[in-house]
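K.L.:
With the sequence up front, the predicted model follows.
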Amino acid sequence: MPRSRLSSSFSTPAVDVVIDTGNPVVNVAVDGFIKIGAVAATKAAAEDAYHATKSGNMSFHKLEHSFKKMCKEGAYWGTAAGLYAGIEYGAVKVRGTRDWKNAMIGGAMTGLVISAASSHDKDKVIMDAITGGAIATAAEFLNYLT
């Protein structure tokens with residue numbers, strides 16, 4: 001029985017913004033901040049555009065609110081990504097190897113720092129650190145599959 005196979009590939013656009021601060025860890029953190037912050041700001045803009053289209057009205061006040069939301073979301077997610085990228089890069093340099101443990105360290109430390117900045121409940125901070133490490137480790141394992 002003849003079989004056919006459809007083969008295709010998707011390529012992602014290359015976005016390379018290079019900001020040289022003189023420190024490789026800071027370079028990686030700034031790169032993560034810019035890239036993920038831009039994605040988060042775009043997400044917020046798309047959500048607000050959808051709501052404006054759905055409701056059928058747009059005002060200067062809504063536009064201003066949308067811009068503030070874009071900045072807030074971009075800064076929050078950019079900070080989280082920059083922190084994660086910097087910690088993971090630092091773990092690679094300190095440990096001298098690139099493996100899933102660096103992702104776990106980066107995710108756990110990022111979850112810990114972000115949670116500690118917004119919550120004073122010690123149990124929540126520890127649970128967020130565990131969650132951050134688990135998510136980062138799972139993402140790293142998924143990268144190994146492809």
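P.N.:
Cool, got the structure.

K.L.:
The longest helix seen in the chain - what's its average pLDDT?
P.N.:
Taking residue count as the measure and DSSP state H as the definition, the longest helix of the chain comes out as helix 60-95. Across helix 60-95, pLDDT averages out at 94.

K.L.:
Give me the neighbour count for the residue lying closest to residue 128 once chain neighbours are set aside.
P.N.:
If the residues on either side of it in the chain are set aside, residue 128 comes closest to residue 115, at 3.5 Å by CB to CB, 6 or more residues apart in numbering. For glycine as for every other residue, the C-beta is placed from the backbone atoms N, C-alpha and C. Here the number of neighbours of residue 115 (other CB atoms under 10 Å) works out to 20.

K.L.:
Looks like residue 112 contacts residue 125 (just checking).
P.N.:
Yes - between residue 112 and residue 125 there is a contact at 6.2 Å, judged by CB atoms under 8 Å.

K.L.:
Quick check: residue 36 touching residue 79?
P.N.:
No - in terms of CB under 8 Å, residue 36 does not count as a neighbour of residue 79; the distance is 9.1 Å.

K.L.:
For residue 24, list the residues it contacts.
P.N.:
Taking CB atoms under 8 Å, 6 or more residues apart in numbering as the contact definition, residue 24 lies against 89, 93.

K.L.:
try 10 Å
P.N.:
With contacts taken as CB atoms under 10 Å, 6 or more residues apart in numbering, residue 24 has the following neighbours: 86, 89-90, 93.

K.L.:
and the two most separated of these?
P.N.:
86 and 93 (10.7 Å; CB to CB).

K.L.:
Quick check: neighbours shared by the two?
P.N.:
With CB under 10 Å, 6+ apart applied, the overlap between the contact sets of residue 86 and residue 93 consists of 24-25.

K.L.:
residue ranges with poor pLDDT in the protein?
P.N.:
Counting by pLDDT under 70, the chain contains low-confidence residues at 1-13, 15-17.

K.L.:
all helices of it, in order?
P.N.:
24-55, 60-95, 100-118, 122-145.
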